[in-house]
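Engineer: okay, sequence plus prediction incoming.
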Amino acid sequence: MAKYAAAIDQGTTSTRFMVFDHEGRVVCFDQKEHEQIFPKPGWVEHDPMEIWERTQSVIRGALSKGNIDPKDIAAVGITNQRETAVVWDKTTGKPLYNAIVWQDTRTDTIINEFAKDGGQDRFREKVGLPLATYFSGPKVKWILDNVDGARAAADRGDAVFGNIDTWVLWNLTGGVNGGKHYTDVTNASRTMLMDLKTLDWDEEIMKIMGIPRSMLPEIHSCSEVYGEAVGALAGVPVAGILGDQQAATVGQTCFGVGEAKNTYGTGCFMILNTGEEMVPSKSGLLTTLCYKMGDAKPVYALEGSIAITGALVQWLRDNLGMISNSAEVEALAGTVQDNGGIYFVPAFSGLFAPYWKSSARGAIVGLTRYVNRGHIARAVLEATAWQTREVLDAMEKDSGVTLKALKVDGGMVFNNTLMQFQSDVLGVPVIRPVVAETTALGAAYAAGLATGFWANLDDLRQNWQVDHTWEPKMDETARDEQYKMWKKAVTRTFDWVE
């Protein structure tokens, strides 16, 4: 009888392998960062070979730390940074170019070209997404148009594409020796190529983008056996795939209509479960797949995506050298009482939800001689909370659901200053679960459901427990005044790039 379910969590800055027991508790894990490559302003890349090497390394590392026999693992799931595009040669297993990361803005010209016919919402009815540099389909077009030999390899049927889930699955199940070229509905819904109703690739959009169908992975549910792993996990069924934010939604057991979670990672992502109904957004949100478990009907969601939150703390650390590790930001912010009148809008890759302005760029506004490092650190944390507030407003407008509480997860939820401020600006309780690494947990849940390690969704609900709740303390007048200033600051970033 298997004792564990496991997950590969391939994120924007690092890769983790985590092993969970039946109660959803972490048994062991290993984690490694990978290089962030910035060839030009606005360009962000990763080396897919490095990511695969790191993936194998953390699998071995976690198994060794926990002294785990792979035979005791019921199944492994994959969760991943979404919208990051890899194109590789299926005959050699080598990428044709670096992975183009979700934050990358180089497809701006392609997006503007597409928008000339039908505007920013040209494909929204079918795919639930606005035209934006965020999504992976246009990145594939860029590779085909700009990388020597890529178009010819695609025409021959040798070049294949996937978000990172597909790249990891293909390698994990054998690579050039029979690796599975699959994706799941959540990742497919972030390419701008999948029809939300049919859950299949859309011929018309593929044609417009010039992407041959032979490049695209087969679309599957989030919870089924796709194949068996080779290597350190040899023989373990690979049985779950969820894009990272959808995985966190499953890990938070947001299975009821109107339940929402916010993940605080490199960016911030709020997802609201809308059930079997697709809710088209009129307020700048994305209509996306929440999950599809095996043969069950698909469940949809509204999502607000914010590009830069935790990445802003890393920027403070790596680019400005103001702190030596990310955890220090809270102590630095604690040296001052407030933000000193400054607001930091981190539109480094343009603005995502609810604005979708790729021509915006970051700004610190309200600077005076009074402002010091502490105020900047506080403004960095507050930026995450204000951006989340804007997304929540849009969500309530679109769905008609008033949020009663917000479930939170991800690395930044251990920053008490931020979580208290988040509760203050939303005016609702903010709840952190015992297992805050819900992204990996969600992928493990999907894999464990497919193999009978967990019987049903109720099994998973029983695992969810509250670790800490923050209640709002700010008075309404102060909240409204500061929110007004935040919105004013945001307008200062618009149309910076001509």
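Structural biologist: That came through, no problem.
Engineer: tell me the bridge partners for the closest residue to residue 358 other than its chain neighbours.
Structural biologist: Once flanking residues are discounted, residue 358 sits nearest to residue 350: 3.7 Å by CB to CB, 6 or more residues apart in numbering. Bear in mind the C-beta positions are built from the backbone N, C-alpha and C, glycine included. Taking DSSP bridges as the rule, residue 350 bridges to residue 348.
Engineer: residue 350 reaches residue 104, doesn't it?
Structural biologist: No. Residue 350 is beyond contact range of residue 104, at 10.7 Å (criterion: CB atoms under 8 Å).
Engineer: mind listing the shared neighbours of the two?
Structural biologist: residue 133 (CB atoms under 8 Å, 6 or more residues apart in numbering).
Engineer: that older thread, who's in contact with the residue nearest to residue 358?
Structural biologist: 105, 133, 307, 356-361.
Engineer: name the element residue 40 belongs to?
Structural biologist: For residue 40, there is no enclosing helix or strand under DSSP states H and E.
Engineer: separation between it and residue 104?
Structural biologist: 10 Å (CB to CB, to the nearest Å).
Engineer: residue 77 now?
Structural biologist: 26 Å.
Engineer: more neighbours: which of the two?
Structural biologist: Using other CB atoms under 10 Å, the more surrounded residue of residue 77 and residue 104 is residue 77, with 32 against 24.
Engineer: so that one sits in a helix?
Structural biologist: No. Remark: residue 77 does not belong to a helix; assigned using DSSP: H, G, I helix; E, B strand; the rest coil, it is strand.
Engineer: hang on, it packs against residue 441?
Structural biologist: No. Using CB under 8 Å, residue 77 makes no contact with residue 441, being 9.4 Å away.
Engineer: any shared contact partners between the two?
Structural biologist: Common neighbours of residue 77 and residue 441, using CB under 8 Å, 6+ apart, are 7, 247.
Engineer: going along the chain, name the strands of the stretch 201-350 of the chain.
Structural biologist: All strands of the stretch 201-350 of the chain, identified by DSSP state E, counting those that start in this stretch, fall at 218-220, 223-228, 237-243, 260-264, 268-275, 286-291, 299-306, 343-345.
Engineer: and the residue of the chain most remote from its centre, how close does it get to residue 377?
Structural biologist: The C-alpha centroid of the chain is most remote from residue 369, which lies 37.8 Å away (CA atoms, centre = their mean). According to CB to CB, residue 369 stands 18 Å off from residue 377.
Engineer: could you do residue 399 as well?
Structural biologist: Separation of residue 399 from residue 377 (CB to CB): 34 Å.
Engineer: next one: residue 115
Structural biologist: In this view, residue 115 and residue 377 are 38 Å apart by CB to CB.
Engineer: please apply the same query to residue 416.
Structural biologist: In terms of CB to CB, residue 416 sits 14 Å off from residue 377.
Engineer: who's more crowded, the two?
Structural biologist: When neighbours are counted by other CB under 10 Å, residue 416 and residue 377 differ, and residue 377 comes out ahead with 26 against 13.
Engineer: so the more buried one, which of the three states?
Structural biologist: Assignment for residue 377 (three-state DSSP): helix.
Engineer: residue 468: which of the strands of the stretch 201-350 of the chain is closest?
Structural biologist: When these are compared by CB to CB, strand 260-264 sits nearest residue 468, at 14.1 Å.
Engineer: so the residue nearest to residue 358 versus residue 384, what's the distance?
Structural biologist: Distance of residue 350 to residue 384, given as CB to CB: 17 Å.
Engineer: then residue 212?
Structural biologist: From residue 212 to residue 384 the distance is 40 Å (CB to CB).
Engineer: please look at residue 19 and residue 68 and confirm they touch.
Structural biologist: Yes. Taking contacts as CB under 8 Å, residue 19 lies within contact range of residue 68: 5.8 Å.
Engineer: of these two, who's got more company?
Structural biologist: residue 19 (26 against 17).
Engineer: can you pull up the bridge partners for the more buried one?
Structural biologist: residue 6, residue 28.
Engineer: so what's it scoring on pLDDT?
Structural biologist: pLDDT recorded at residue 19 is 97.
Engineer: list the contacts of it.
Structural biologist: Residue 19 neighbours (CB under 8 Å, 6+ apart): 4-6, 26-29, 62-63, 66, 68, 73.
Engineer: list the contacts of residue 423.
Structural biologist: Counted by CB under 8 Å, 6+ apart, residue 423 has contacts 429-430, 470-473.
Engineer: out of those residues, who's the most crowded?
Structural biologist: Of these, with other CB under 10 Å as the count, residue 430 tops at 25 neighbours.
Engineer: tell me the predicted confidence for residue 435.
Structural biologist: Taking residue 435 on its own, its pLDDT is 84.
Engineer: stretch 232-244: end-to-end distance?
Structural biologist: End-to-end distance for stretch 232-244: 23 Å, by CA to CA, to the nearest Å.
Engineer: for it, buried residues please.
Structural biologist: For stretch 232-244, burial by neighbour count (16 or more other CB atoms under 10 Å) applies to 232-233, 236-244.
Engineer: same question for stretch 416-436.
Structural biologist: 417-426, 428, 430-433, 435-436.
Engineer: how about stretch 49-62?
Structural biologist: Buried, per 16+ other CB under 10 Å, within stretch 49-62: 49-52, 54-59, 61-62.
Engineer: noted, bye for now.
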